[in-house]
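K.L.:
My questions are about this predicted structure, shown below with the sequence.
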Amino acid sequence: MNQVHIEARHLRKQYKDVLAVDDVSFSVGRGECFGLLGPNGAGKTTTIEMMEGVTPSTSGEVLFANQPLTRSLQHRIGIQFQSTSLQDFLTVRECLELFAALYENPRNIDELIGLCALEEFLDRDNRKLSGGQRQRLMLALALVNNPEIVFLDEPTTGLDPQARRNLWSLVEKIKAEGKSIILTTHYMEEAYVLCDQIAIMDKGKIIARGAPKTLLKQYFEGQYIEIPEEDLLGESPEGLGFEFHRKNSQVEFHVPEVRAALGVFIQKNINLNRMSVRSASLEDLFLHLTGRGLRE
Amino acid sequence: MKKFFALLGARNKEFVRDRGSMAWSLLFPFLIIIGFSFAFSGQNQDIFKVAVHRPAGETTAANAAANSFIQTKFIRFLDTPELKPSIEKLQRHQYDMVISLEQQPKYWINDSSPKGYLLEKMLTAQTTTGQSNFVKEQVTGREIRYVDWLIAGLLGMNVMFGSLFGVGYVIVRYRKAGVLRRLKATPVSAFEFLSAQVASRLVLMMTTCAIVLAGCRFMVDLQIIGSYLDLFVVLLVGSLCMISLALVVAARISSEEFAGGLLNVLTWPMMLFSGVWFSLEGANPVLQKLSRLLPLTHLVDASRSIITEGATLSDVSGHVLLMLGLTAVFMVISSRLFRWE
């Protein structure tokens, strides 16, 4: 891996009666996009807020370019929070100007407007933006000090698919500028598309870590074949000799090799008209690791 | 400084664009003034009040001269040991005439008071038959109406509500909505943020006070006997005191409901017991003592003395220093308590 940009060492966060983060360690290389994945309440937000210096940790430390995190480093990081808001009655441009004035060397505002595609609603009150527009503004504010590291806490939660894809391409642009990115998400697809490295969190702990493709390869071989249960035409899935589980009215088989599996299905006279084949996803990985679905 | 002015500008924009609260903070005092000037117009008590001063060297001649006048029905004669305060009251139309039974008896009337004119006619009619004539002295001065008296209370009340709710409630709202959380992640210090809030509110409070005063001059012909500059200083210090109290309230709370309740608990006693609406002179002495503890009492007393009595800043320095002291205490407490989240 290239030079370490920011590193979490044995971070713990104890709230009154909950251990929200339990001994989390990982490092993010310069220019890398790192994803923290996990369901709601896994401790993702608490972890990155400790790294941002926004929430104090109970124990453990954060190293920024091999130095302990101090308040003066605030100039070098950019944060997009999950749920913060801006002062009422300010337009998008005024919000940008306000935040630009709070930093010593702000980025050119017009450049930011172009980067985050804010042109069409520049003079709108920030409270009247759509979800996607709002996230783009919040991202622009996170970039206003031209930071080295950008933290994005669930940037696409609650967005429609179109807005989500817009935001993804924006994150790609930020990556292309050479910035390190740490993002949290509970969309496995998002992590797969955007992140170079991911850590899967559950109940305050990291349960798996690595590049998305490597991780999948490590845990999964083969493909998934999905067939509506009624199309099995009375054949019981247990009798087919593959690992499987039921999803609604579908049966999903995990097969090592597609051609061989199809041979078995054909032999059993199963209706394959509505069959679909797909590769293992991070969603499957999570299910595999925890026995639970991500959004259960 | 750049950060401070950016935050100040943002807060000012927010206030000016929030038409509802701005209209409210400007209209409220006017509505009360209009209401009261109607309610109290033409309702003066129809009784003549004459202050009678009997100096040590009171003479029988003077006494005899005044005797028949003093027996006139429907005139209230009040003995007064000191001449000067009575004459000041005469200038403000609280008395209609002052007579002094000295060797050379004198009487004072206010040249703009019709009652004084009538009393003069009665006095001269009754004393020309007697031995010694009264010497006439004239004072000038406009009547202090209830509206004139009330305006200090209204300004004070407006400052109190504007500061406590305009700063206290707003910061709590910012905290709840996550505005503070977002700012915490920038290099802004709590001091820079809070001083911008204070400055913004001070500017707006003083502008509001100026508009209200100008409006009252225009609408009800308000008179201010003292200096405008002194009044400005008193209102400025009063606003600062109220704003710093608001900072204490807003230091940690993140529930708007709780903050609203707390602000009401603070404002209502001041509304009632700081002499906004009625003078506490005749009230229970314990209540009077307690009212000294309320910052609004000092703000209202000081500005009222300036408006209705022409007091100077040094006359009201006790009130001003006390408010400054409270401001310092509140500032220290709030800076210790303040949390972004």
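P.N.:
Received the coordinates, thanks.
K.L.:
can you pull the contacts of the nearest residue to residue A:281 once chain neighbours are set aside?
P.N.:
Counting by C-beta to C-beta, 6 or more residues apart in numbering or on different chains, the nearest residue to residue A:281 once its immediate chain neighbours are dropped is residue A:188, at 5.8 Å. Every residue, glycine included, has its C-beta placed from N, CA and C. Neighbour list for residue A:188: A:37, A:281, A:282, A:283, A:285, A:286, A:294 [criterion: C-beta atoms under 8 Å, 6 or more residues apart in numbering or on different chains].
K.L.:
Just to check, the third one is in contact with residue A:37?
P.N.:
Yes. If you go by C-beta atoms under 8 Å, residue A:282 and residue A:37 touch, sitting 6.7 Å apart.
K.L.:
any idea which element the spatially most central residue of chain B lies in?
P.N.:
Centroid-nearest residue in chain B, with C-alpha atoms, centre = their mean: residue B:152, separated by 2.3 Å. Assigned by DSSP states H and E, residue B:152 belongs to helix B:146-163.
K.L.:
what angle sits between the helix or strand harbouring residue B:23 and helix B:146-163?
P.N.:
Taking DSSP H and E as the criterion, residue B:23 maps to helix B:19-39. If you take axes from the mean of the first three to the mean of the last three C-alpha atoms, to 10 degrees, helix B:19-39 sits at 160 degrees to helix B:146-163.
K.L.:
contact partners of the helix or strand following helix B:19-39?
P.N.:
Next along the chain after helix B:19-39, taking DSSP H and E as the criterion, comes strand B:48-53. Under the criterion C-beta under 8 Å, 6+ apart, residues B:66, B:70, B:74-83, B:86, B:89-90, B:94-101, B:115, B:118-119 lie in contact with strand B:48-53.
K.L.:
And the residue of the stretch 151-296 of chain A that's closest to chain B?
P.N.:
Relative to chain B, the nearest point of the stretch 151-296 of chain A is residue A:151 (9.0 Å; C-beta to the nearest C-beta).
K.L.:
and what of the stretch 101-250 of chain A?
P.N.:
Counting by C-beta to the nearest C-beta, the stretch 101-250 of chain A gets nearest chain B through residue A:101, at 3.3 Å.
K.L.:
What count of nearby residues applies to that residue?
P.N.:
Residues lying near residue A:101 (other C-beta atoms under 10 Å in any protein chain shown) number 19.
K.L.:
same check, this time on residue B:2
P.N.:
Residue B:2 has 12 nearby residues by other C-beta under 10 Å.
K.L.:
Surely it and residue A:101 touch.
P.N.:
Yes. Residue B:2 lies in contact with residue A:101 (C-beta under 8 Å); the separation is 5.4 Å.
K.L.:
re earlier: counting contacts, what elements does the helix holding residue B:152 pack onto?
P.N.:
helix B:19-39, helix B:190-220, helix B:228-249, helix B:256-273, helix B:295-304 (3 or more C-beta pairs under 8 Å, 6 or more residues apart in numbering or on different chains; DSSP states H and E).
K.L.:
Tell me which of the ones you listed lies nearest to chain A.
P.N.:
helix B:190-220 (8.8 Å).
K.L.:
hmm, back to that, mean neighbour count, the helices and strands packed on helix B:146-163: which tops it?
P.N.:
helix B:295-304 (a mean of 26; mean count of other C-beta atoms under 10 Å in any protein chain shown).
K.L.:
what is the rounded mean pLDDT of it?
P.N.:
If you average the pLDDT over helix B:295-304, you get 94.
K.L.:
what residues does it touch?
P.N.:
Contacts for helix B:295-304 (C-beta under 8 Å, 6+ apart): B:149, B:152-153, B:155-157, B:159-160, B:231, B:234-235, B:237-238, B:241-242, B:245, B:270, B:273-276, B:291-292, B:311, B:316, B:319-320, B:322-323, B:326.
K.L.:
count of neighbours near the residue of the stretch 151-296 of chain A closest to chain B?
P.N.:
24.
K.L.:
I'd guessed it sits against residue A:78; true?
P.N.:
Yes. Using C-beta under 8 Å, residue A:151 is in contact with residue A:78, at 7.0 Å.
K.L.:
so what sits against both of these two?
P.N.:
With C-beta under 8 Å, 6+ apart as the test, residue A:151 and residue A:78 both reach residue A:142.
K.L.:
Phi first, then psi, for residue B:314.
P.N.:
Recorded main-chain torsions at residue B:314 are phi -70, psi -30, according to degrees, to the nearest 10.
K.L.:
tally of neighbours for it?
P.N.:
9.
K.L.:
and the residue of the stretch 151-296 of chain A closest to chain B, which of the three is it?
P.N.:
strand (DSSP: H, G, I helix; E, B strand; the rest coil).
K.L.:
Just want the most central residue of chain A.
P.N.:
Centre-nearest of chain A using C-alpha atoms, centre = their mean is residue A:185, 3.0 Å out.
K.L.:
Specify the beta-bridge partners of it.
P.N.:
Beta-bridge pairing for residue A:185 (DSSP bridges): residue A:37.
K.L.:
quick one, what contacts it?
P.N.:
So residue A:185 contacts A:35, A:36, A:37, A:154, A:155, A:156, A:157, A:191 (C-beta under 8 Å, 6+ apart).
K.L.:
what do you get for residue B:330?
P.N.:
Residue B:330 touches B:241, B:244, B:245, B:247, B:248, counting by C-beta under 8 Å, 6+ apart.
K.L.:
pLDDT at it, what is it?
P.N.:
The model's pLDDT for residue B:330 equals 93.
K.L.:
Look at whatever residue of the stretch 101-250 of chain B ends up closest to chain A and say how many residues are nearby.
P.N.:
Proximity of the stretch 101-250 of chain B to chain A (C-beta to the nearest C-beta) peaks at residue B:178, 3.5 Å away. Around residue B:178 there are 18 other residues, counting by other C-beta under 10 Å.
K.L.:
got a pLDDT number for the closest residue to it other than its chain neighbours?
P.N.:
Nearest residue to residue B:178, sequence neighbours excluded (C-beta to C-beta, 6+ apart): residue A:84, at 3.5 Å. Residue A:84 is assigned a predicted lDDT (pLDDT) of 81.
K.L.:
quick one: residue A:84 and residue B:179 touch, right?
P.N.:
Yes. Between residue A:84 and residue B:179 a contact is recorded at 6.9 Å, counting by C-beta under 8 Å.
K.L.:
ok, now which ones touch residue B:135?
P.N.:
Counting by C-beta under 8 Å, 6+ apart, residue B:135 has contacts B:104, B:105, B:106, B:107.
K.L.:
okay, the angle between the helix or strand harbouring the last one and strand B:48-53?
P.N.:
Using DSSP H and E, the secondary-structure element containing residue B:107 is strand B:106-110. Interaxial angle, strand B:106-110 versus strand B:48-53 (the same axes, to 10 degrees): 140 degrees.
K.L.:
Give me the helices and strands touching strand B:106-110, please.
P.N.:
helix B:83-91, strand B:97-100, helix B:114-127, strand B:135-139.
K.L.:
most neighbours per residue, which of those?
P.N.:
strand B:97-100 (a mean of 26).
K.L.:
Partner strands of that strand and their direction?
P.N.:
strand B:48-53 (parallel), strand B:106-110 (antiparallel).
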